[in-house]
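Asker: next comes the sequence, and after it the predicted model I'd like to discuss.
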Amino acid sequence: MNLATYFMEATYLIASILFVLALKGMSHPETARRGMFLAEGGMFAAIVGTLVGQHIVTWVWIIAGLTLGSIIGAWMAIWVPMTAMPQRTALSHAFGALAAALVGVGEFLVHANEMSVVTRGALGFEVMLGALTTTGSLIAAGKLQGVIYGKPVQFRGQSALNLCIFLAMMGCFAYFWIHPESASIFYSMLGIAFVFGVMLVIPIGSADMPVVMSLLNSYAGLAAAATGFVLGNNVLIIAGTLDGFSGFILSVLMCKAMNRSITNVLFGGFGAVVAEATSNAGGVMREISLDDAAMQLAFASRVVFVPGYGLATAQAQHAVRELAELLEGRGVTVKYAIHPVAGRMPGHMNVLLAEANVPYSSLYEMEQINPEFPSTDVAVVIGANDVVNPDARDNPKSLIAGMPILEVDRAKSVIVLKRGQGRGFSGLENPLFFKACTSMLYGDAKSSLSHLAQAVQHV
């Protein structure tokens, strides 16, 4: 090996170590920022090593790609709001997967007949997984942004059709594996994979987006790992494998938090049918005025805020922090209850509250905060629905039966901030809204919280 190759392998080793340390750092909010810097350093080392160690035919495309990618990345970092982070993340998955698929197509055009059987299998896997992840991620981003219908899209015979598409895709893959010279079969596999990605995600409702996001992350990582096998690039193999399996583990944890299986999420179309068994829901929702709500909060000893997706859509994270600081100034103990699947991606609520400078020490996971609700004077639910639905605990016939919830109904008083009397993304009615301890404060969450802060100041 020449000096450039030694340098490349050394930087790949450094990059791999930094990726592992970054993943470790991002496992905890207090070290997540450092983990991101380590990941950036690892990627920089990998890029430098590749550019030095590989023979570059022309720098024009390298510079053009660097410039275009930097512009897109800067735009996303500066102008995309934190509330749109789930769909931005879905787009990142789409970009990464599309890159893997395009690399696979390029390798097929140049080296298909020269590849070993193992490398050819990795190429087919890379192209398939990259293509279906691309379209699946775009559909997920569209659902999250609201440009595509967020509810599950289902029709008669859908499962059978999806199975046929999957078998056709795998059949093309097997034929290409044996006959690499068949370009028509290869491109058929690519096209069918794009279609399968769409069909895989459209039956899934927005309520299951945390699991979908982590699964798409896993798919994109595995596509990158397959690209590494095709190119003989060790750092791609390591980084892709880390990304793929960490995403899969996260998906399992998300499913556990919803008491569901991954197969149920992928093929169940959760939210397509409203359960008949919601007998615990009934009665009249009792509305509360701003002044009465402010009075309850001002004279409480313990207040727990429960953020949900409504907090994100209203961009109310700063407003809730300002109200919390006012209450703390009056001697009220304030905490935030975080459900693992609240929002539309793993850690969504943590990211939003961190962006509003809410201290991490004030955030409490479900297992920590649930025992404290009976001694809580007021629980303020901001745009959350399914994660506080007591039917999951009390109604064995409910679609969400067994799902761990934040037990806000055990608090002395509950104030729910909602735009109206509609149901959550699951389509299930929430008996919490009809309980004697619950009051409804209707309106935009950001406006309601700002007016509450003003009212508390005058109490």
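Answerer: Structure received.
Asker: pLDDT below threshold where in the stretch 201-350 of the chain?
Answerer: Residue ranges of the stretch 201-350 of the chain with pLDDT under 70: 206-207, 260, 264-282.
Asker: make it 50
Answerer: Along the stretch 201-350 of the chain, the model assigns pLDDT under 50 to residues 270-279.
Asker: in it, which spans are helices?
Answerer: Per DSSP state H, counting those that start in this stretch, the stretch 201-350 of the chain carries helices over the ranges 209-231, 234-258, 262-268, 290-298, 309-314, 317-329, 348-355.
Asker: separation between the residue most central in space within the chain and residue 211?
Answerer: With distances taken as Cα atoms, centre = their mean, the chain has residue 345 as the residue nearest its mean C-alpha position (2.4 Å). Residue 345 is 10 Å from residue 211, where distance means Cβ to Cβ, to the nearest Å. All C-beta spots, glycine's among them, are computed from the backbone N, C-alpha and C.
Asker: just residue 104 next, same as before
Answerer: Distance from residue 104 to residue 211, by Cβ to Cβ: 27 Å.
Asker: you'd agree residue 444 is up against residue 314?
Answerer: Yes. Between residue 444 and residue 314 there is a contact under Cβ atoms under 8 Å: 5.5 Å.
Asker: compare these two (neighbour count), which wins?
Answerer: Using other Cβ atoms under 10 Å as the criterion, residue 444 and residue 314 rank with residue 314 on top: 22 against 17.
Asker: what about the closest residue to that one other than its chain neighbours, how many residues close to it?
Answerer: Nearest residue to residue 314 in three dimensions, chain neighbours excluded: residue 445, at 3.8 Å (Cβ to Cβ, 6 or more residues apart in numbering). Neighbour count for residue 445, taken as other Cβ under 10 Å: 25.
Asker: need the contact list for residue 445.
Answerer: Contact analysis of residue 445 by Cβ atoms under 8 Å, 6 or more residues apart in numbering lists 310, 311, 314, 316, 319, 382, 383, 417, 419.
Asker: filter those residues to the buried ones?
Answerer: In the contacts of residue 445, burial by neighbour count holds for 310, 311, 314, 316, 319, 382, 383, 417, counting by 16 or more other Cβ atoms under 10 Å.
Asker: tell me the one among those nearest to residue 50.
Answerer: Here the nearest of the buried ones among the contacts of residue 445 to residue 50, counting by Cβ to Cβ, is residue 311; it sits at 41.6 Å.
Asker: measure the nearest residue to residue 124 once chain neighbours are set aside to residue 185 for me?
Answerer: Residue nearest to residue 124 in three dimensions, not counting chain neighbours: residue 173, with 4.7 Å by Cβ to Cβ, 6+ apart. Residue 173 is 9 Å from residue 185, where distance means Cβ to Cβ.
Asker: hmm, residue 452 is touching residue 294, no?
Answerer: Yes. Counting by Cβ under 8 Å, residue 452 touches residue 294, with 5.4 Å between them.
Asker: phi and psi next, for residue 27.
Answerer: phi -80, psi -10 (degrees, to the nearest 10).
Asker: circling back: next one, pLDDT for the residue nearest to residue 314 please.
Answerer: pLDDT, residue 445: 91.
Asker: any idea how far residue 316 is from it?
Answerer: Residue 445 sits 4 Å away from residue 316, taking Cβ to Cβ as the criterion.
Asker: one step back: of residue 452 and residue 294, who's got more company?
Answerer: Higher neighbour count among residue 452 and residue 294: residue 452, with 26 against 22, using other Cβ under 10 Å.
Asker: kindly state the pLDDT recorded for the more buried one?
Answerer: 94.
Asker: helix, strand or coil: sort out it for me.
Answerer: Here residue 452 is helix, with the state taken from DSSP: H, G, I helix; E, B strand; the rest coil.
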